[in-house]
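K.L.:
What follows is a predicted structure for the sequence shown.
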Amino acid sequence: MRARRVALAVAAPLLAFAISLVVSALVLEAAGYSSGDAFSAMIERGGRSITVFRVLNATGPYYLAGVAVAIGFKMNIFNIGVEGQYRLAALLTGAWAGSQVAGHLPAPLHVLSSLVVAVVVGAAWAGIAGVLKAYRGVSEVISTIMLNAIAVALSAYLLVTYLRAPRRNANDLTIGTREIPGSGRFPLLNRPLEALGVEIPQAGRLSSYLLLAILTGVAYYVLVWRSRFGYDLRATGLNADAARASGIDPKRMILTTMLLSGGVAGLVGLSSMMTEAGRYTSDVVVGGLGFTGIAVALLGRNNPVGIAIAAVLFAYLDQASLALNFEDIPKEIVAIMQGVIVLAVVIAYEIVRRAKLRIEAHDLASDQPEPSLTPAGAAQ
Amino acid sequence: MTAVEVPESPERRTPAPAGRRRVSLPVRYMLTAAAAMLLLAITRAVTDQTPMTAPGTFSSAIELAMPIALAGLGGLWAERAGVVNIGLEGMMILGTWFGAWGGIEYGPWWGVALGALGGAVGGLLHAVATVSFGVDHVISGVAINILGAGTARFLTGVAYEGGQTQSPQVPGRIPSFDVPFLGGALDDLADKHWFLVSDVASLLTAVTHNVSWLVIIGLALFPLTYWILWRTPVGLRLRSVGEDPYAAESLGVNVYRMKYLAVVVSGALAGLAGATLIYVFARQFQDGQTNGRGFIGLAAVVFGNWRPGGLLAGAALFGFTDALQSQQDSVAHGLLLFVSLLVAAIGARLLARREGKRAVAALVVSLLVLVVWSGTERIPNQLIPVTPHITTLLVLVFAAQHLRMPAADGVPYRKGGGK
């Protein structure tokens, strides 16, 4: 039984991936490109050791965005607002980490305090939607969409008006926060890796941001599957009425879930800003990760390991797509692939769910004793 | 605003108290529009910013509102049949791409048709996922947004050499329309800056002078939608599916067919919204040019309480704010006064309905905005475009109890699955 359950759970994502390969191959062929060339170029690029490092660095933000969305999903809350939460959080974190006050802190405190700022800002922004949903019944889907737009505009305003760093020279046109000193950046994992005997290619760097993502994943698992709160959370997600009847306060659950989701979302934009880029600019903290996070969470079925696999897959596709430019194939085929994967995976889950129901119904029917044709007691 | 006037809301099911007659729908719309115009005229007179109600402002407001309104109309069709359509943005992107490509290949009207068709294909995909497979509507919509944006970018790379993120200029235009003989007189009246009279004259100038046929078609789709959805048997069936699909099923309505119809029309309207964006201003496809307008359309649906008139009012607010953004700071600053008056009007309505607590809250917010207005000289340029977003949030907060979405909106349906 267990083997069958696992097989059914894995079948859907694999099926979805296969469908997306077929669809993108068809699209490529229809547009007059060789799909074989495209895929082999992507696989060749993916096999390089420098790509492995880049994929791992790019996985972190996808993973955290996925976890942020998944926390909401576990309670049937749709946090579309990850987008706005991480962008506002990244700006204010960048401003704090680059500030003179923070610069005097020792390295671990500098980074930790920055993380606290990010979590608090993300949680606060998500909390607005949480309060509106819990106390005014406003759909979080609409309110977070509004809050995303407001966050982007507010970030632009705050950056230009208050947080902008003085220009370094007359040619410096980038608008960004102050440079974050070394003590405020994520340390690289290169040295520990070398100590472990890993061969690091030239220009290969691995940020400890990845560790932050992994730790968050562990915390997500413990919180949702191994704590009283997590039990309440999942119970509310499965059946809100039954949960309320057993004494769970739905308003508090909604608000706490939004705060947690937003807190994790706050960390999404820090990767590059607190590693190599070293300051907030609109090029460093790019938009769109919130929506990718939704895709990643869906693909990973809200499971901490599943989200990790999905995040690696998306990061890999992004990196491998760069090889397509050399083949004169538009690399946006990867965006089509990602969209098809998401759509195919949710459809596949639905098909699998229906199949499972049918199997269960069948099992149940065959477990029943055969109805006896002779009346009871006739054998005596 | 119509957003707070909901005849079907439960507390008004009870017979209206004597002396409070139900007014007919067109009259109510006219009254609402007149009230909005009055607020605007007051704002203009108090701030003494004549560009705020100049004909130019109104005509760009209408042009900017149209794509949002059409996307919202798409959302309305889908949600009336019980399907949430977050994928409007993606369908709109398909509309912009095919709108531009069709225009370049075959001429402007073909571009419009192909834009609508491109959106309809996105709608069909959404229908297959949500209606046939019962996938969560929001999830399918998110996937379609990713897919629509990716497809448009991929096709740009395929179809146009060199420039990877935009198409060449679209040759040819959709012709414009002028009401003869009216222009001069109205223009003179608008220039007089008389209270209310000149403001109305400005608006009339804007709607009678040099209006793209695409805008006229777009506007005509609103009464048409109202007529189809609320005055024909098909519309009744379509809405019944959005309220209670199992009851509709028991009466012999083919629920799947209704939902498919609604979602495909929804996609086509979103595609048309995209094509409007091409032919009314941009004149070429650019990556990211929809800039969240599909989502804003969705917000306008909620703002307008799932009704065409309210939706149009919501879209007008977004369009008007967008139009003011290109004006001087001091003009846009008057927007704060307008928002304050708007929230005060909502508060007054709540008070008339004896909902004291919420009325007081609305009036406090209105007062706060008023204080901000009188204490500042300008709105920061970056914050002007989000004024309607904040207003929508305020409307949601104060009028949430009066908003009534279709009862089975977003609920998956399977034939024979009723209890």
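P.N.:
Yes, it's here.

K.L.:
Residue 205: which element?
P.N.:
All of this refers to chain A. Element membership for A:R205, per DSSP states H and E: none, as it lies in no helix or strand.

K.L.:
actually it's chain B I care about, not the one you picked
P.N.:
helix B:197-208.

K.L.:
Equivalent analysis for A:P13, please.
P.N.:
Going by DSSP H and E, A:P13 is part of helix A:2-30.

K.L.:
With B:G347 instead?
P.N.:
helix B:329-352.

K.L.:
Buried residues of that helix, list them for me.
P.N.:
B:331-347, B:349-350 (16 or more other Cβ atoms under 10 Å in any protein chain shown). For glycine as for every other residue, the C-beta is placed from the backbone atoms N, C-alpha and C.

K.L.:
Please apply the same query to stretch A:227-234.
P.N.:
Quick answer for stretch A:227-234 (16+ other Cβ under 10 Å): A:230, A:232-233.

K.L.:
Mind listing residues that contact it?
P.N.:
A:74-75, A:222-225, A:243, A:248, A:253, A:256-257 (Cβ atoms under 8 Å, 6 or more residues apart in numbering or on different chains).

K.L.:
Only C-alpha atoms, please: export the following helix or strand past the helix holding A:P13 in CSV.
P.N.:
Heading C-terminal from helix A:2-30, the first helix or strand you meet, by DSSP H and E, is helix A:35-47. What follows is helix A:35-47, C-alpha atoms only, in CSV (Å, rounded to 0.1, in the frame of the first residue of the first chain):
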residue,chain,number,x,y,z
SER,A,35,14.3,20.5,-30.2
GLY,A,36,17.1,18.0,-30.1
ASP,A,37,19.7,20.8,-30.4
ALA,A,38,18.0,22.8,-27.7
PHE,A,39,17.7,20.0,-25.2
SER,A,40,21.3,18.8,-25.7
ALA,A,41,22.6,22.3,-25.4
MET,A,42,20.7,22.7,-22.1
ILE,A,43,21.9,19.3,-20.8
GLU,A,44,25.5,20.1,-21.8
ARG,A,45,25.3,23.5,-20.0
GLY,A,46,23.8,21.9,-17.0
GLY,A,47,26.6,19.4,-16.7
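
K.L.:
Next one: the helix or strand in which B:G115 is found, is it in contact with chain A?
P.N.:
For B:G115, the host element (DSSP H and E) is helix B:108-127. Yes. Judged by Cβ under 8 Å from any Cβ of the partner chain, helix B:108-127 comes into contact with chain A through B:L125.

K.L.:
Show me which residues of that helix are buried.
P.N.:
So, applying 16+ other Cβ under 10 Å, buried residues of helix B:108-127: B:108-127.

K.L.:
mind listing what the most centrally placed residue in chain B touches?
P.N.:
Central residue of chain B (Cα atoms, centre = their mean): B:A69, 2.9 Å from the mean position. Counting by Cβ under 8 Å, 6+ apart, B:A69 makes contact with B:218, B:222, B:273, B:297, B:300, B:311-312, B:315-316, B:319.

K.L.:
Looking at the residues you listed, which two lie furthest apart in space?
P.N.:
Greatest spacing in the contacts of B:A69, by Cβ to Cβ: B:A273 and B:A316 (14.9 Å).

K.L.:
other SSEs contacting whichever strand or helix holds B:V215?
P.N.:
B:V215 belongs to helix B:213-231 when elements are defined using DSSP H and E. Other helices and strands packing on helix B:213-231, by 3 or more Cβ pairs under 8 Å, 6 or more residues apart in numbering or on different chains; DSSP states H and E, are helix B:55-80, strand B:176-177, helix B:233-243, helix B:255-277, helix B:308-325.

K.L.:
Please tabulate these in a markdown table, including the columns mean pLDDT.
P.N.:
Formatted as a markdown table, the helices and strands packed on helix B:213-231 follow (pLDDT from 0 to 100):
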| stretch | mean pLDDT |
| --- | --- |
| helix B:55-80 | 92 |
| strand B:176-177 | 84 |
| helix B:233-243 | 95 |
| helix B:255-277 | 96 |
| helix B:308-325 | 87 |
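
K.L.:
Could you say which one of these comes nearest to A:A315?
P.N.:
Closest among these, using Cβ to Cβ: helix B:255-277, at 30.6 Å.

K.L.:
C-terminal to the closest one, which secondary structure element comes first?
P.N.:
Scanning onward from helix B:255-277 (DSSP H and E), the first element met is helix B:293-303.

K.L.:
Could you pick out the residues of the stretch 51-200 of chain B near chain A for me?
P.N.:
B:84, B:86, B:125, B:129, B:133-136, B:138-140, B:142-151, B:153-154, B:156-158, B:164.

K.L.:
Filter those residues down to the ones in helices?
P.N.:
Among these, DSSP state H puts B:125, B:138-140, B:142-151, B:153-154, B:156-158 in helices.

K.L.:
Might you report the residue contacts of residue 292?
P.N.:
Assuming you mean chain A. A:T292 sits next to A:62, A:65, A:314, A:338, B:146 when contact means Cβ under 8 Å, 6+ apart.

K.L.:
I was thinking of chain B, sorry if that wasn't clear
P.N.:
Counting by Cβ under 8 Å, 6+ apart, B:G292 has contacts A:148-149, B:89.

K.L.:
neighbours of A:I248, just the number please.
P.N.:
Neighbour count of A:I248, defined by other Cβ atoms under 10 Å in any protein chain shown: 16.

K.L.:
What of A:D249?
P.N.:
So A:D249, with other Cβ under 10 Å, has 14 neighbours.

K.L.:
With A:Y209 instead?
P.N.:
Neighbourhood size, A:Y209 [other Cβ under 10 Å]: 25.

K.L.:
And for A:I336?
P.N.:
Neighbours around A:I336, by other Cβ under 10 Å: 24.

K.L.:
cool, B:A45 as well?
P.N.:
18.

K.L.:
my read: it touches B:W194, true?
P.N.:
No. Using Cβ atoms under 8 Å, B:A45 is not in contact with B:W194, being 9.6 Å away.

K.L.:
any idea how far B:L76 lies from A:M337?
P.N.:
Using Cβ to Cβ, to the nearest Å, B:L76 is found at 32 Å from A:M337.

K.L.:
okay, these two: which has more neighbours?
P.N.:
Neighbours were counted for B:L76 and for A:M337 using other Cβ under 10 Å; B:L76 has more, 29 against 24.

K.L.:
Just the buried residues of the longest helix seen in chain A, please?
P.N.:
Longest helix in chain A, counting residues (DSSP H): helix A:333-367. The neighbour-count check on helix A:333-367 (16+ other Cβ under 10 Å) flags A:333-350, A:352 as buried.

K.L.:
can you give me the mean pLDDT across that helix?
P.N.:
Mean pLDDT, helix A:333-367: 85.

K.L.:
That one close to chain B?
P.N.:
Yes. Residues of helix A:333-367 contacting chain B under Cβ under 8 Å from any Cβ: A:333-336, A:338-340, A:342-343, A:346-347, A:350-351.

K.L.:
Centre of the chain to that helix, how far?
P.N.:
A distance of 22 Å separates the C-alpha centroid of helix A:333-367 from that of its chain, computed with Cα atoms, centre = their mean, to the nearest Å.

K.L.:
any weak-confidence spans in the chain?
P.N.:
Assuming you mean chain A. A:1-2, A:368-380 (pLDDT under 70).

K.L.:
That was the other one, I meant chain B.
P.N.:
B:1-23, B:162-164, B:182-183, B:401, B:419.

K.L.:
what residues go with each domain of it?
P.N.:
Following the assignment in automatic domain parsing, chain B carries domains at B:24-51+B:328-405, B:54-304.

K.L.:
Could I get these in a markdown table, plus columns for distance to A:A308?
P.N.:
Shown next, in a markdown table, are the domains of chain B (distance: least, Cβ to Cβ, whole Å):
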| stretch | distance to A:A308 |
| --- | --- |
| domain B:24-51+B:328-405 | 34 |
| domain B:54-304 | 20 |
